[in-house]
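In: What shape does this take:
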Amino acid sequence: MEDKYGILKSTEELRRTFKSGVTRTVEWRKTQLRGILKLIKENEQTLFDLLQSELGKHPIESYRDEIGVVKKSADNALRCIDQWMSPKKGWLPLLFFPASKKVVPEPLGLVLIIGSWNFPFTLILDPLIGAISAGNTVLLKPSELAPNCASFLANKLPLYLDPKAIKVIEGGSGVSSQLLEYKWDKIFFTGSTKVGKIVMAAAAKHLTPVTLELGGKCPVIFDSLPNSDMKVAIKRIVSGKWGPCAGQACIGIDYMLVEQKRASTLIEELKKIIKRFYGDDVKNLKNIARIVNKVHFDRLRNLLEDPAVANCIVYGGSFDETNLTIEPTILLDPPLDAEIMNEEIFGPLLPIITLDNIEESIDFINSKPKPLALYAFTKSDDFKKRILAETSSGSVTFNDTMIQFVCDGLPFGGVGESGFGRYHGKYSFDTFSHEKAVFDRSFYLELEPRHPPWSKFKLEFLRSCYDYNYARLLLLLLGLEKP
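Out: Alright, predicted model coming up:
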């Protein structure tokens, strides 16, 4: 294989570094985590400027969705890593006494992380924190659609992290294709379902474990709410739909479901908050990112230029091709067979689908592929139970949007076509670790009933040994286990 991008040389050095054992030490892991914290602290303004120039993100949005997220994750890993690395013990059947067992987390080895352009720092550095915490060597492939952010990572990371253990390769689809030809010990990919299938097919050749963070059409169920609660809900919906990268987010709101009798009130309230948050002039929009490039801009414009869809626009719909901005747009009841209702929108367009009864939303959601996130605004505990019991999604968030992503205590990941695998906090550490089972048996006190020849006594003895309550009681009586 021609090594035109220097991948072979990089992977060989990464494997040598891993084989040396340096990355297994807690000192090395903590040093790298502190390096990430130092990187974002010393370069915060540069990161703000890059995200503003490349994606049109306001600095506060950049801190909320990128810099702050990375800082929180690295801080959490530093605080918890000693505990995460500790072996876990547990109960053993009495038949194997005296013995001990433990589960030891060990690093997988050489990890490939392929990031996405919409959050070019979070979606590279957050999984990197997990891979480092678990003691792996890592090759990072940032998205070529945010080239300045990718160049920053390529140039700056070696100054803060161990360059023999963590490397960055820039480039487009040609680089990604060649990377996937190599054997990795783990591949972590964030991106589209289409590319996710390519990644998985390539990994299958080497039986490489894969985590796929994909997307899908994430719905919002909007139930009846008191007026004061509705105003809060509308703010959270508008901020969650148009705030993170102008809707270009895998867990962004894709469409809303509401009872027909409430649709007009909902739309009027949405309009008010949109104008307050972002303005109503497409050439002077504020606090909202732009579309990443002309290809995606044209894709979104084509969704709206479908005549059957264009007639459904009740707010917005204007474009500024020069600045690659699209006005926040609301559509009421577009045709269900239109492309906008069957492909992930990934942009500032919000279809609202009306129902006779809000509980019909469950069947509507179940008629589509499983989403990465499901949002529901309701005060009904019974309806919440039905949503949890009768739908499947990567996550469910009641009465808010997007915030589940920044919660280290919750796993983040998809199900079905929205991906598989999970990360964040301890879940990131687990994703990049192998839990090795260790059993240590003594030569003392051999229990003969485990061996032939068989007898009725041996059968009854084995029954007792496999009975947790009996075995624990006996060990307590013998003083070999604490109450």
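In: Looks to me like Q83 is in a helix.
Out: Yes: counting by DSSP: H, G, I helix; E, B strand; the rest coil, Q83 is found in a helix.
In: Could you number the chain from 708 rather than 1 from now on?
Out: That works, and once the first residue is 708, the last one we named lands at Q790.
In: quick one: pLDDT of it?
Out: Q790 is assigned 97 on the pLDDT scale.
In: Any stretches of this structure with poor pLDDT?
Out: The model of the chain has pLDDT under 70 over residues 708-709, 798, 1178, 1181-1182, 1184-1190.
In: how's it carved up into domains?
Out: 714-921+1131-1141, 925-1120 (automatic domain parsing).
In: Go through those domains and name the closest to Y1151.
Out: domain 714-921+1131-1141 (6.0 Å; C-beta to C-beta). Where C-beta positions appear, they are placed from N, C-alpha and C, glycine not excepted.
In: Pull up the distance across that closest one, start to finish.
Out: 25 Å (C-alpha to C-alpha, to the nearest Å).
In: Next: stretch 796-807.
Out: End-to-end span of stretch 796-807 (C-alpha to C-alpha): 8 Å.
In: Could you do stretch 763-774 as well?
Out: Terminal-residue distance, stretch 763-774 (C-alpha to C-alpha): 15 Å.
In: check contacts around C1019.
Out: L1038, L1039, D1040, P1041, P1058 (C-beta atoms under 8 Å, 6 or more residues apart in numbering).
In: Tell me where the stretch 1008-1157 of the chain has helices.
Out: Assigned by DSSP state H, counting those that start in this stretch, the stretch 1008-1157 of the chain shows helices spanning 1014-1017, 1068-1073, 1088-1097, 1133-1138.
In: Between those helices, which one is closest to S717.
Out: With C-beta to C-beta as the measure, helix 1133-1138 is the member of the helices of the stretch 1008-1157 of the chain nearest S717 (22.3 Å).
In: Which parts of the closest one count as buried, going by neighbours?
Out: K1133, Y1134, S1135, F1136, D1137, T1138 (16 or more other C-beta atoms under 10 Å).
In: Name the stretch among the helices of the stretch 1008-1157 of the chain that sits most buried.
Out: helix 1133-1138 (a mean of 22; mean count of other C-beta atoms under 10 Å).
In: For my notes, please list the helices of the stretch 1008-1157 of the chain in CSV and give distance to V882 for each entry.
Out: Shown next, in CSV, are these (distance: least, C-beta to C-beta, whole Å):
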stretch, distance to V882
helix 1014-1017, 36
helix 1068-1073, 37
helix 1088-1097, 42
helix 1133-1138, 24
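In: Indicate which one of those is closest to D789.
Out: Among the helices of the stretch 1008-1157 of the chain, helix 1133-1138 comes nearest to D789, with 11.6 Å by C-beta to C-beta.
In: Off-centre distance for the closest one?
Out: 12 Å (C-alpha atoms, centre = their mean, to the nearest Å).
In: for stretch 710-725, same thing?
Out: 27 Å.
In: Next: stretch 1077-1084.
Out: Relative to its parent chain, stretch 1077-1084 has a centroid offset of 14 Å by C-alpha atoms, centre = their mean.
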